[in-house]
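[1] structural data only, the sequence is not supplied:
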């Protein structure tokens, strides 16, 4: 899903950034995606963030007060995955 989304977004945004701890950076580059080594680094550099992650113990509330603080002011956040990935109170803040 992430690769398909990246292909669709590249004509509009030119540079698509990604963070996935389970996908090697060279594979991302092969799809024209610019990898970021950390979620905080991605959030700090992105103008729009589209979330495609499974829900498990390591991803529940992964977008919370601490991580969203790194988000670029005015950035767009789209969660296309599970609602529990994002802490609702943190988004309101």
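    Here it is on my side, so go on. This is a predicted model, so every value here is computed, not measured.

[2] tell me, how many residues neighbour residue 29?
    12 (other CB atoms under 10 Å). Placement of C-beta: from N, CA and C, glycine included.

[3] which non-adjacent residue is nearest it?
    Ranked by CB to CB, 6 or more residues apart in numbering and with sequence neighbours excluded, the top spatial neighbour of residue 29 is residue 35, at 6.8 Å.

[4] what are the bridge partners for the one you found, then?
    Residue 35 has these beta-bridge partners by DSSP bridges: residue 18.

[5] please renumber the chain so that the first residue is 33 from this point on.
    Renumbered: residue one is now 33, and that last one reads residue 67.

[6] surely it touches residue 48?
    No. Counting by CB atoms under 8 Å, residue 67 stays clear of residue 48, with 10.2 Å between them.

[7] would you mind telling me which of these two has the busier surroundings?
    Each of residue 67 and residue 48 has its neighbours counted (other CB under 10 Å); residue 48 has more, 22 against 17.

[8] measure that one to residue 62 for me?
    Look at residue 48 and residue 62: by CB to CB, to the nearest Å, they are 13 Å apart.

[9] also residue 92?
    Residue 92 is 30 Å from residue 62, where distance means CB to CB.

[10] gap between the two ends of stretch 89-108?
    Stretch 89-108 has an end-to-end distance of 25 Å (CA to CA, to the nearest Å).

[11] with stretch 79-96 instead?
    One end of stretch 79-96 to the other measures 18 Å (CA to CA).

[12] can you give me the offset of it from its chain's centre?
    7 Å (CA atoms, centre = their mean, to the nearest Å).
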